[in-house]
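**Q** Fold the following.
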Amino acid sequence: MDAVPADTRDTAPADAPDAVPDPAAGTWQSARRALAAALPAGALGAALVLVAAGKTWTRGTAAVGAGRLPVHATGTDTTALPGALALVGLAALVAVFAVRRAGRYAVSTLLTLSGLGVVITALARHGDHAALDSAAARATGLSHATAARFGTTSWPLVAVAGGLLLLIAGLLALRYGPGWPAMSGRYDRPGARTSVRGRAAAPAPVDPDRAEDLWKALDRGEDPTRTPR
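**A** Here you go, the predicted model:
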């Protein structure tokens, strides 16, 4: 038997095509990275807004006889809207995983608008003198009292930063939310659950003579006595 030439053994064709990347895998990786960024951003943003709302935003003094009484106004005294929007945004961040399709877009939009509303409100009311005047009136017992030597703190800017984080989380949810996981459909009606690729997931066969199969069917929310069609 003649020997096979060395240059013809185990050689791949020169024009063999290169491996084609899977676009679905890249999309899934992007959705995972977006989820890993959106969750802490949204939670941290809501926490910053809520903390900032309880801190002093403005300081001043009120005239009491010949002296001056220091007064201050918190973020909640100035406007309660940022704190309320932060709670709405936090609830929307959680609800993103409880809904699907159009509902997920609606909740993601609500999350985005909550962050935007916090930013606009905190910037617009930054340095508002009305809440400080109210604090001066309460401190002196005079309804017409006003505050003087007006000054602001950095807490409104902290609220703005929290609103921006909520806004970023909402934008990520709008862009990548359809690829994020949803809460378990264990208790959905039979046939309502779908596979990863969007097709209806066929129920696993159940052997009525095996107790293990019966328990697994019940755990999936299926009726083990139902005869498959």
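
**Q** which helices and strands sit right next to the helix ranked longest in the chain?
**A** When the chain is parsed with DSSP state H, its longest helix is helix 23-53. Judged by 3 or more Cβ pairs under 8 Å, 6 or more residues apart in numbering; DSSP states H and E, the packing partners of helix 23-53 are helix 75-78, helix 81-95, helix 102-125, helix 155-176. Every residue, glycine included, has its C-beta placed from N, CA and C.

**Q** Give me the below-cutoff pLDDT ranges for this structure.
**A** Scanning the chain for pLDDT under 70 picks out 1-26, 143, 183-229.

**Q** Let's see that with 50 instead.
**A** 1, 4, 8, 12-17, 19-22, 185-200 (pLDDT under 50).

**Q** Who are the contact partners of Phe150?
**A** Counting by Cβ atoms under 8 Å, 6 or more residues apart in numbering, Phe150 touches 58-60, 127, 129, 132.

**Q** Report the secondary structure state of it.
**A** Here Phe150 takes the strand state, with states given by DSSP: H, G, I helix; E, B strand; the rest coil.

**Q** And it, how far from Gly60?
**A** If you measure Phe150 against Gly60 using Cβ to Cβ, to the nearest Å, the figure is 5 Å.

**Q** And Ala102, by the same measure?
**A** Ala102 sits 49 Å away from Gly60, going by Cβ to Cβ.

**Q** Same question for Gly141.
**A** Gly141 is 17 Å from Gly60, where distance means Cβ to Cβ.

**Q** Please identify which of the two sits among more neighbours.
**A** Higher neighbour count among Gly141 and Gly60: Gly60, with 22 against 8, using other Cβ atoms under 10 Å.

**Q** partner residues bridging the more buried one?
**A** Counting by DSSP bridges, Gly60 is bridged to Val71.
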